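Colleague: Predicted structure and sequence below. I'll ask about it afterward.
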Amino acid sequence: MFPRPGPGYYPDVSHIHRSSRGIAADPDIVLNTAADLTRAAAWLPEPVHVLDSGDGTLDVAWRPDGSARRFAVTVSADDRRVEWRPADHDGVTGQLVVTDQGAGASAVELRLEVGDDVRDQDVDRLLEQALAGLATEVDQNFNVS
């Protein structure tokens, strides 16, 4: 989901970063929003730019260098999980898990596996921004008062 900058360079994956937050919506709505690849551009943060989405794939460019990568996306509705894996290269993998918190509320955890040379604070910031973007996308589209 968040490729490492640099043309063609992907380090060995070895660190797992996590961020979580609550979202005031039914877990199935949150999962469906995250799994809808046509909505990915609305909630993924800069420097990730969605180029295209297809049947189970998401093409993204990493700004500022513009390197483009394709990710295979799988969804497990039973586990309320969305996973991103590099489709044609080594690199970063991601997983988003939604849990039911009762009374129409959800908790979302976003995990990324990255290489040793990626700055922890950069990854953590991107995770927080992605979850905030997802919460906004869910709120704007489904929580009508």
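Modeller: Looks like it came in fine. Numbering: from 1, shown residues only.
Colleague: Where in the protein is the helix or strand with the lowest mean pLDDT?
Modeller: strand 13-23 (a mean of 88; mean pLDDT, DSSP states H and E).
Colleague: nearest residue to Val123 other than its sequence neighbours?
Modeller: Leaving out its chain neighbours, the residue that sits closest to Val123 by C-beta to C-beta, 6 or more residues apart in numbering is His17, at 4.5 Å. Heads up, the C-betas are built off the backbone N, CA and C, glycines and all.
Colleague: Report the contact partners of the one you found.
Modeller: 111-114, 120, 123-124, 127 (C-beta atoms under 8 Å, 6 or more residues apart in numbering).
Colleague: Nearest to Asp100 among those residues?
Modeller: Arg111 (18.6 Å; C-beta to C-beta).
Colleague: Moving along the chain from the strand or helix carrying that closest one, name the first helix or strand you hit.
Modeller: Arg111 belongs to strand 105-115 when assigned by DSSP states H and E. Along the chain past strand 105-115, the next helix or strand (assigned with DSSP H and E) turns out to be helix 120-142.
Colleague: which among the contacts of His17 end up buried?
Modeller: 111-112, 114, 123, 127 (16 or more other C-beta atoms under 10 Å).
Colleague: Let me have the residues you listed in TSV, adding pLDDT as columns.
Modeller: TSV is the format used below for those (pLDDT from 0 to 100):
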residue	pLDDT
Arg111	95
Leu112	91
Val114	80
Val123	87
Leu127	95
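Colleague: Output these in JSON lines, with distance to Glu137 appended to each entry.
Modeller: Formatted as JSON lines, the buried ones among the contacts of His17 follow (distance: C-beta to C-beta, whole Å):
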{"residue": "Arg111", "distance to Glu137": "19"}
{"residue": "Leu112", "distance to Glu137": "19"}
{"residue": "Val114", "distance to Glu137": "24"}
{"residue": "Val123", "distance to Glu137": "21"}
{"residue": "Leu127", "distance to Glu137": "16"}
